[in-house]
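Q: okay, predicted coordinates and the sequence, questions at the end:
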Amino acid sequence: MKYVSTRGEIPKLDFKDTVFEGLAEDGGLIVPERIPKLSEKEIEELRNLNYQELALRIFKYYVSDIEEKDLKELIERAYKNFRAKEVTPVVKAGDIYILELFHGPTWAFKDIALQFLGVLFEKLLLDTGKKINILGATSGDTGSAAIYGVKGKKNIAIFILHPYKRVSEIQALMMTTVIDPHVYNIAIEGTFDDCQAMVKAIFMDLEFKRRYRLTTVNSINWARIMSQMVYYFWAYFRVSEKEKCESVRISVPTGNFGDIFAGYLARKMLGENKIERLILATNENDILCRFVNNGDYSVREVKPTISPSMDIQVASNFERYLYYFYGEDPKKTKEIMERFSKERAIKFTEEEIKRVQKDFLSASINQEKTLETIREFYQETGYILDPHSAVGVKAGLKFKDKYPLICLATAHPAKFPETVSQALGFPIKLPEEIEKLYHLSQRFEILPAEIEKVKAFISKRAI
């Protein structure tokens, strides 16, 4: 398998090259040259594998330059410390299914990809003797998952930008209490979109990128998307077995379009008769919801909410979807994205909206409804949702049809204790590992949302 840019202006890459490349040098995102469509026989061969075996089989479709035994070892290392044996268990709550993605070290779904990416980085660097500096932006969970994925690993330094005081206290503590000589937390006086825009701009400074050997762990890194595809297969197999059905719907709370894009690719591999549609759930930062329902992908001001990981207006993986939506046409993709960078809006025709709605259903859930969902879902089922998962459940229930509904639980409720306790009317008990964070020292730097200040910070500390 080779890899190309959504804008079509770079040579084809091997998988190993994509891991370090992050953003393509033509400004596009890296995608596989083709998405395999699995036969019924291939699908049935995957059905009864355990999680690690399933990951290996799916990765092998996309990784042709790492030996199978090495890939298997990396997968085993990535998931050995998850609290759940199944890695991502599927549980029944009321009449829906919850796919629990929070059993990794930072209690959020980002661990699924970033634990794998951490061991993958280390192996490739030790094989070559190279060093890298990771640069990423986080709206809450990516930062801590990335730090926990690479801390203590050889030949790696990591710089994570997060919007100052716009993530939950525990999300911040999980990042800033990691006191490691090569871990740097930068609190930006601005929004996540400011952080993300600066990261993209720094990667487009090719001389700076090469000099400091920069790479990314954000969901623009293809290995992240590939890792997340696995749990869609896993959830489909578990629920279709229990329900004796062929088709399911899956609800995904998303702000950056990375998680749901992984689901979109899994759907392409499995077939539309397996995952009937994906339900795209947003909070009040509803650019993706407006896109699906009205063909309006226009940037508005970011609203701080109780589901902060979704407080995003420019979804960095959206370009990948456009590439496939327009028949893998890099010229069309580049033209649209360049126009978007100037006009901050893309408009879609009625015919295009109908095509989008064959892939997605969508709803925007406000903060009042989110709190109400946490409370009512607990009263009805005894299951406690975090605010992001509650957005996904509420949106999913709006579209509960004849198909079994799977909702992604993207974070443990203990990552948002104030919000969850407010919704329930009583304080929730924190796991001991999270409670300890309040008593640890922190280390971070506060910087203005100025790209030159960030570059200067990196240049003084890069390895």
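A: Now that the structure is in, tell me what you want to look at.
Q: list the buried residues in the helix or strand containing residue 201.
A: Per DSSP states H and E, residue 201 falls inside helix 192-204. Within helix 192-204, the residues scored as buried using 16 or more other CB atoms under 10 Å are 192-200, 202-203. (C-beta placed from N, C-alpha, C; glycine too.)
Q: following element in sequence after that helix, please.
A: helix 206-211.
Q: what is the distance between the next helix or strand after that following helix and the centre of its chain?
A: Remark: after helix 206-211, the chain's next helix or strand is strand 214-215, criterion DSSP H and E. Offset of strand 214-215 from its chain centre (CA atoms, centre = their mean, to the nearest Å): 18 Å.
Q: how about residue 126, what does it touch?
A: 154-155 (CB atoms under 8 Å, 6 or more residues apart in numbering).
Q: which SSE is residue 276 in?
A: strand 275-282.
Q: and that strand, which residues are buried?
A: 275-282.
Q: quick one: strands adjacent to it?
A: strand 248-253 (parallel), strand 360-364 (parallel) (DSSP bridges).
Q: so, low pLDDT: which residues of the chain?
A: For the chain, not a single residue meets the criterion pLDDT under 70.
Q: so in it, which helix runs the longest?
A: helix 222-243 (DSSP state H).
Q: in it, what counts as buried?
A: Buried-residue list, helix 222-243, by 16+ other CB under 10 Å: 222-240.
Q: list of residues touching the helix holding residue 201?
A: 22-23, 27, 135-139, 161-163, 166, 188, 208-209, 214, 216, 218, 302, 311-314, 316, 449, 451, 454-455, 458.
Q: in PyMOL, how would I select the buried members of these?
A: Restricted to buried positions by 16+ other CB under 10 Å, the PyMOL selection for these reads:
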select buried, resi 22+23+27+135+136+137+138+139+161+162+163+166+188+209+214+216+218+302+311+312+313+314+316+449+454+455+458
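Q: out of the contacts of helix 192-204, which are inside strands?
A: 135-137, 161-163, 188, 214 (DSSP state E).
Q: what's the most distant pair in the residues you listed?
A: Greatest spatial distance among those (CB to CB): 163 and 214, at 20.6 Å.
Q: quick check: residue 50 vs residue 385, distance?
A: 27 Å (CB to CB, to the nearest Å).
Q: excluding covalently adjacent residues, which one is nearest to residue 303?
A: residue 284 (4.9 Å; CB to CB, 6 or more residues apart in numbering).
Q: so that neighbour, which of the three states?
A: Recorded secondary structure, residue 284: coil (DSSP: H, G, I helix; E, B strand; the rest coil).
Q: pretty sure it contacts residue 369?
A: No: applying CB atoms under 8 Å, one finds residue 284 not in contact with residue 369, separated by 10.2 Å.
Q: the stretch 251-400 of the chain: helices as residue ranges?
A: 258-270, 287-294, 318-325, 330-343, 350-356, 367-381, 387-398 (DSSP state H, counting those that start in this stretch).
Q: tilt between the first one and helix 387-398?
A: Angle, helix 258-270 to helix 387-398, by axes from the mean of the first three to the mean of the last three CA atoms, to 10 degrees: 50 degrees.
Q: what sits up against helix 258-270?
A: By CB under 8 Å, 6+ apart, helix 258-270 touches 35-38, 43, 58, 61, 109, 218-219, 224-226, 228-229, 232-233, 236, 250, 252-254, 274-275, 278, 280, 316-317, 320-321, 324, 359-360, 408, 410.
Q: check the longest one too.
A: Helix 367-381 has contacts (CB under 8 Å, 6+ apart) with 93-94, 283-284, 305-307, 365, 383-385, 387, 390-391, 393-394, 413, 419-420, 422-425.
Q: recalculate using a threshold of 6 Å.
A: The contact list for helix 367-381, computed with CB atoms under 6 Å, 6 or more residues apart in numbering, reads 93-94, 305-306, 384-385, 387, 390-391, 393-394, 423-424.
Q: list the buried residues for that helix?
A: Buried-residue list, helix 367-381, by 16+ other CB under 10 Å: 367, 369-371, 373-375, 377-378, 381.
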